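> sharing a model that was predicted from the sequence below.
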Amino acid sequence: MKEIKLYKSPFKSLRLLVLTSILVIPSIWLITKEKETDKIIWFCLCFFGFGFLLSLFNILDRRAQIIITKIGIRDITLRQGIIKWEYIEDANDVQIFKQVFVALKTNEKFVIKKKLYEWTKYLNNVVGGAEVNLNFSYIKVDMEKLITFINIMKSENIENRETIMEMYEDRIK
């Protein structure tokens, strides 16, 4: 079966690695050189050290983040499984603090495995999101073509989906 696999861009994580290194390395140096260190230095080390480790993980993580098949679309970070094309009613892009998402409006047949809290449902409505939001912040794709592709795939017959996938595979990457 034909699959389109979308991977994280290591360059976006590299930027985070450089920015956190600017504060992590001096913090480590100050802690090792000074007998008594301020709490702010420890806070910087812990806070930006977490960002440093997160960026290293993102650089080294070579798993496919989004997998698109003729059956549906799967985001491994959601732990939702495959979202079948028949369940998707509409797709649009949403940007929240420079984080890019694809909001999938689903029909009543789709069952979400994780229960959403009321405040998250409210925030999703305020920012234009949906119950299912696919995170594309670290993935390099052409969002306009990806949204068009998803909206075509959801209404196409299963027999024609592989042909459409072949047409769009190079366009969305």
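In hand now; what should we look at?

> can you pull out the helices in the chain?
Ranges of helices in the chain, per DSSP state H, are 10-33, 39-60, 118-127, 143-153, 158-172.

> by mean pLDDT, show me the worst of the ones you listed.
Sorting the helices of the chain by mean pLDDT places helix 118-127 lowest, at a mean of 77.

> and it, what's buried?
Within helix 118-127, the residues that qualify as buried are Asn124, counting by 16 or more other Cβ atoms under 10 Å. Where you see a C-beta, it was placed from the backbone N, CA and C, and this is true even at glycine.

> what's the spacing between it and its chain's center?
Put simply, helix 118-127 sits 18 Å off its chain's centre (Cα atoms, centre = their mean, to the nearest Å).

> now stretch 76-95
12 Å.

> residues contacting the residue nearest to Ile112 when sequence neighbours are not counted?
Sequence neighbours aside, Glu131 is the residue nearest to Ile112 in space, at 5.9 Å (criterion: Cβ to Cβ, 6 or more residues apart in numbering). By Cβ atoms under 8 Å, 6 or more residues apart in numbering, Glu131 lies in contact with 104-106, 112, 116, 121, 124.

> perfect, that will be all.
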